[in-house]
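Q: Sharing a model that was predicted from the sequence below.
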Amino acid sequence: MTTGPIVRIEGLTKRFGPIVAVDRVDLEIARGELFALLGGSGCGKTTLLRMLAGFETPDEGRLFIDGQDMTNVPPYRRPVNMMFQSYALFPHMDVAANVGYGLRRDGVKAPEIADRVAEILELVRLQDHAKRKPSQLSGGQRQRVALARALVKRPKILLLDEPLAALDRKLREATRFEMVRLQEQLGLTFVMVTHDQEEAMSMATRLAVMNAGRIAQIGTPHEVYERPASRFVADFIGIANILDLPGGGWLALRPEKITLAARRPDLPLAVSGKIVDVAYEGDRSLYHVATNTHGTMIVSTANTSRAAGEGFARGQPVWLGWSEGAGQRLEA
Amino acid sequence: MRFVIGLPFLWLGVFFLLPCLLVLAIALGTNAPDSVPPVELGFSFKSFALLFSDDLYLAAWLSSIRIAATSTLVALLLGYPMAYAIARTAPNRRPLLLMLVVLPFWTSFLIRIYAWMGLLADNGLIEQFLRWTGLASNPGTILGTEWAVHLGIVYAYLPFMVLPLYATLEKLDDSLLEAAADLGARPLAAFLTVTLPLSLPGIVAGCLLVFIPAVGEFVIPDLLGGTGTLMIGKVLWDEFFTNGDWPLASAVAVCLLVLLVGPIAIFQRNQARSLERRA
């Protein structure tokens, strides 16, 4: 099988006692995608990933990997590998033994194991650390060992459970780009679970926003941000002003799509208000504006000038304006 | 303050070091059956020399080590699955199972060994049961044989095997086993390559906790074993109480201590290392 989706999920359901963790999920993931499952804690994203790995058996539905029914296949016979959130490195083995573990289980000959381990360690820039124990490595190095260990068997899908959660902020941002580069270089399919929307938005080719065991929306980061399918998605991804529309439904309006001005802007839709709060964030400023008609709205402005006191002060009367089509209509 | 810190040292000095030195002093003395106590202090290696010249002592030694070693192995083979099963049960049910493991300690050790005599005796409960069920018409008994000694040691020391094993298995991270399965390890391979090596500190601790006391065990071979069961603890008892040869009994005790220092040192180092690893 070389055509068709690499993952096909049909009506997958998993219950833990009375809790439905994953509720009749349908999903297709194409070859070579970096697909993200995004959602808050308890939304079912991790359970879905664990069913892909084979650690959980679905109660209902079917799961196909590369066209093969894998619904009840144990993890050790699936063509997928997982990078664990805790990395789950074997503490009693050095880096080379950790990375070569999967190859040894497959009965690959020792010289070939040595070659492939060396090759993958070079790819993650750990060739000088092959003889170290996991306890002698930094957090970032451990993350790369875990990645190398999951990649060395050339899985059809690499599963990543919160791959960057344990890293500090600076390293996380650098690693994001590195992982995308690696994914493109290897041409593999990555399926990633994350609670961090910034991570999902910046890395994924497509993502699924999950809520209460169901997929709320699937799409590219751009689609999900600009055309949220529901009030939940609009609210969950980024910041959205949700305005009531006459005749039912809502308008989801992103803060940066709104013009903030001292006088009435020349735009089809404009409301007046008063600044109640200012949050200076360096690259941008967020203003909370109390309006008479739409309650408190959030507006952001890009701080393109270095001069101080450019923005608006608290208490200042202002106008907000936006064009038709600046927001997304949501049905009730 | 200094007094409080010094107190444990004082305790160890008076109740541990001093008796050890006393035993050593007696071992270096000579037997004097007519005096009280029946020993004449001096500096003679006669008792030690006898230990190494008479085959009886070497034979008792070797047989003690053999019996202790096989019992330890059996205890390990029984205790590991028990500890593993307890560590895998739901956390709320573990305390009950652990309590069942230590429950025998609520009864005196001596009484439990006597109970085994009753069970194993000729026409005892086990024999009656076998006859009643028809499994064996004339089963005979193992009481008075080395089998019974092994049985007694395994029974008495099994909790000392289960508890340290449980302590290491309980700490084992489940995600390591998932990682092994994910990388292609079948359950048996995952056990051999991950669970077993990571529980090695528990295996070493459990084996030493059973082996060390089992080597010097006296009560079990005396009550469950027969005249043919040769164990160094029993020899010591006989020299002291039957033959009244205090220096010789003391020399046996000193040798027992010296020979067990090796395994105890391994145990200590193992503990220290696993503490370091946790830190």
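A: On my side now, so go ahead.

Q: CA-only coordinates of stretch B:7-14, as PDB, when you get a sec.
A: Extracted in PDB, the C-alpha atoms of stretch B:7-14 (Å, rounded to 0.1, in the frame of the first residue of the first chain):
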ATOM      1  CA  LEU B   7      24.300   7.800  73.000                       C
ATOM      2  CA  PRO B   8      23.900   5.400  70.000                       C
ATOM      3  CA  PHE B   9      27.700   4.900  70.000                       C
ATOM      4  CA  LEU B  10      27.700   4.200  73.700                       C
ATOM      5  CA  TRP B  11      24.800   1.700  73.100                       C
ATOM      6  CA  LEU B  12      26.700   0.000  70.200                       C
ATOM      7  CA  GLY B  13      29.900  -0.100  72.200                       C
ATOM      8  CA  VAL B  14      28.300  -1.700  75.300                       C
END
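
Q: What residues of stretch A:314-328 count as buried?
A: A:318, A:319, A:320, A:321, A:322, A:326, A:327, A:328 (16 or more other Cβ atoms under 10 Å in any protein chain shown). (C-beta placed from N, C-alpha, C; glycine too.)

Q: Out of those residues, flag the one nearest to chain B.
A: residue A:328 (39.8 Å; Cβ to the nearest Cβ).

Q: Inside strands: which ones of the buried residues of stretch A:314-328?
A: The strands, defined by DSSP state E, take in A:318, A:319, A:320, A:321, A:322, A:328 from the buried residues of stretch A:314-328.

Q: Any stretches of chain A with poor pLDDT?
A: For chain A, the stretches with pLDDT under 70 are A:1-2, A:309-310.

Q: Tell me which residue is most central in it.
A: residue A:200 (2.4 Å; Cα atoms, centre = their mean).

Q: is it true that residue A:166 lies in a helix?
A: No: judged by DSSP: H, G, I helix; E, B strand; the rest coil, residue A:166 forms no part of a helix; its state is coil.

Q: Thought residue B:96 was touching residue B:86, still the case?
A: No: contact criterion Cβ atoms under 8 Å: residue B:86 and residue B:96 do not qualify, at 9.6 Å.

Q: For these two, indicate the residue with more neighbours.
A: residue B:86 (22 against 10; other Cβ atoms under 10 Å in any protein chain shown).

Q: which element is the more buried one on?
A: Using DSSP states H and E, residue B:86 sits within helix B:55-88.

Q: Now do the residue sitting furthest away from the middle of chain A against chain B, distance only.
A: In terms of distance from the mean C-alpha position of chain A, residue A:263 ranks first, at 39.8 Å (Cα atoms, centre = their mean). Note on residue A:263: its distance to chain B, by Cβ to the nearest Cβ, to the nearest Å, is 60 Å.

Q: How much space separates the closest residue to that residue other than its chain neighbours from residue A:242?
A: Distances taken as Cβ to Cβ, 6 or more residues apart in numbering or on different chains place residue A:319 nearest to residue A:263, at 6.2 Å, with adjacent residues excluded. Look at residue A:319 and residue A:242: by Cβ to Cβ, to the nearest Å, they are 20 Å apart.
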